[in-house]
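Engineer: Give me the fold of what follows.
(4 chains)
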Protein chains: 2
Amino acid sequence: MQEGSRGHRERIVYEAAQHLRRAGVGGTGLRQVVADAAAPRGSLQHYFPGGKDQLVTEALDWAGTWAAERVAQHVSGMRRPSPGRLFTAMLDDWAAELQARDFERGCPVAGAVVDCADTNPAIRQAASAALDTWRRPITEALVTMGRSRRRAETLSTLMLCTLEGALVLARAQRDTAPLRLVARELAPLLDA
Amino acid sequence: MQEGSRGHRERIVYEAAQHLRRAGVGGTGLRQVVADAAAPRGSLQHYFPGGKDQLVTEALDWAGTWAAERVAQHVSGMRRPSPGRLFTAMLDDWAAELQARDFERGCPVAGAVVDCADTNPAIRQAASAALDTWRRPITEALVTMGRSRRRAETLSTLMLCTLEGALVLARAQRDTAPLRLVARELAPLLDA
DNA sequence: TGGCTACTATGACAAGCGTCATAGCCTGCC
DNA sequence: GGCAGGCTATGACGCTTGTCATAGTAGCCA
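Structural biologist: Next comes the predicted model:
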């Protein structure tokens, strides 16, 4: 049953990430996570002997690489690539997700940072690493689009900042308007 | 002792807001709040019969008006006002705060949204209201600086989005670089 | 067959949480 | 003086949390 086991482990990590998106670290209960993952409770201490910290850390890792892959998909799916178009695609993606799930889930990294940046160094570090993982493919794409590496790093950081903040505002007012607004306003600057 | 009493109430609200900034709603314990406020525990059920929800709501209200006043101070303190300069002043303010407190505290609104947007309608609503309270003086200032009202609304939203996101990144990597970066990048666009 | 390993099951633990009930203080007013 | 009411003190409740100890099961390999 190695397949089933690894399935359990992966499902737990995935479900933990989804819980982070919904209610942050403090609002994520381990019993609920395993229940939603349809995994046995015993798997927790078997696969994650490091406890909640380990699980949250792995969830952030997973989220970072997932976001990076999503960026790659956007890049490869663009007919005429440009920084502004990439940014717009990412924002559209998030807007659709928020809309579809009734603003239930935001960004797991934000959830971790807001709850743990000052209280849990390991989780803070994992959140920072996840942001780097997410930002790297964006930077690379911008380089491919002709920006200098230095400029690309700056723009990718700007994109992530604006995206994260727009997510907060959007969830607060249950409206995707902020997402669309920042895409519209920033695209020209990114393409300049 | 009416002074002392009102002092207690206000200190509790203030301290609750500071706890929100540090660890979000889930990480804020009421016993710790009253202890840090040097207030008696009994004041909780006396002043806040609505429980934690009421306290968090009032803390967000307080934070919103505080932020609005801070904006007004920045505006009135600027020799040659411009949207970009206002934005830079706000970001500098936050950067200094993060630096001084070792990245301990972020934005209370973000803490509330990330933890409660999907689980607590009252708090989500209070967070949204706080953002409006914060954004209004910014919008008004931009109108005074010659922008159309419609344009001012757009720009103030953009400013808040970027600020909130930059705070998340800055706390994640314990570096004020994102704050300085977005100020530098966005100022020209705001002044255009 | 027996043992070793991977995984699961379950109950218990201490700690913390928000909330509430109850009683006591202390001041001001009649 | 005596009563009323704003405020405080304190203990307890029920619940949930993360963590752990312990036992149990299933499958592979010798």
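Engineer: Just the pLDDT for the residue of chain A found nearest chain B.
Structural biologist: When scored by Cβ to the nearest Cβ, chain A has A:Gly26 as its residue closest to chain B, at 2.4 Å. From N, CA and C alone the C-beta is placed, and that goes for glycine too. Note on A:Gly26: pLDDT of 97.
Engineer: Based on its surroundings, how many neighbours for it?
Structural biologist: A:Gly26 has 20 neighbours, counted by other Cβ atoms under 10 Å in any protein chain shown.
Engineer: cool, A:Gly7 as well?
Structural biologist: By other Cβ under 10 Å, the residues close to A:Gly7 number 14.
Engineer: What residues of the host helix or strand of it count as buried?
Structural biologist: Assigned by DSSP states H and E, A:Gly7 belongs to helix A:2-23. Residues of helix A:2-23 classed as buried: A:8-9, A:11-23 (neighbour count, 16 or more other Cβ atoms under 10 Å in any protein chain shown).
Engineer: Report the buried residues of the helix or strand just after it.
Structural biologist: Downstream of helix A:2-23, the first helix or strand assigned by DSSP H and E is helix A:30-36. By neighbour count with 16+ other Cβ under 10 Å, helix A:30-36 contains the buried residues A:30, A:33-34.
Engineer: which one among the residues you listed gets closest to A:Thr139?
Structural biologist: Using Cβ to Cβ, A:Val33 comes nearest to A:Thr139 of the buried residues of helix A:30-36, at 32.4 Å.
Engineer: Verify the contact between that closest one and A:Val13 for me.
Structural biologist: No - at 9.3 Å, A:Val33 does not count as touching A:Val13 under the criterion of Cβ atoms under 8 Å.
Engineer: which residues are in contact with both of those two?
Structural biologist: A:Leu55 (Cβ atoms under 8 Å, 6 or more residues apart in numbering or on different chains).
Engineer: now, which of the buried residues of helix A:2-23 lie close to DNA strand C?
Structural biologist: The subset of the buried residues of helix A:2-23 within reach of DNA strand C, by Cβ under 7 Å from any atom of the strand, is A:His8.
Engineer: and which of the buried residues of helix A:2-23 is nearest DNA strand C?
Structural biologist: Nearest to DNA strand C among the buried residues of helix A:2-23: A:His8, at 4.6 Å, using Cβ to the nearest atom of the strand.
Engineer: Tell me the confidence at the closest one?
Structural biologist: You'll see A:His8 listed with a pLDDT of 94.
Engineer: so who does it touch?
Structural biologist: Neighbouring residues of A:His8 by Cβ under 8 Å, 6+ apart: A:37, A:39-40, A:43, A:47.
Engineer: And A:Thr88, by the same measure?
Structural biologist: A:183, A:187 are the contacts of A:Thr88 under Cβ under 8 Å, 6+ apart.
Engineer: burial count for A:Arg149?
Structural biologist: A:Arg149 has 11 nearby residues by other Cβ under 10 Å.
Engineer: Can you tell me the closest non-neighbouring residue to it?
Structural biologist: A:Val143 (5.7 Å; Cβ to Cβ, 6 or more residues apart in numbering or on different chains).
Engineer: near DNA strand D, anything from the helix or strand hosting that neighbour?
Structural biologist: A:Val143 is part of helix A:121-144, with elements assigned from DSSP H and E. No - applying Cβ under 7 Å from any atom of the strand, one finds helix A:121-144 separated from DNA strand D by no less than 11.1 Å.
Engineer: Okay, buried residues for that helix please.
Structural biologist: Neighbour counts over helix A:121-144 (16+ other Cβ under 10 Å) mark A:123-124, A:126-131, A:133-135, A:137-143 as buried.
Engineer: Return the list of helices and strands in contact with the helix or strand just after it.
Structural biologist: The element immediately downstream of helix A:121-144 (helix or strand, assigned by DSSP H and E) is helix A:149-173. Applying 3 or more Cβ pairs under 8 Å, 6 or more residues apart in numbering or on different chains; DSSP states H and E, one finds that helix A:149-173 contacts helix A:83-100, helix A:108-116, helix A:121-144, helix A:177-191, helix B:108-116, helix B:121-144, helix B:149-173, helix B:177-191.
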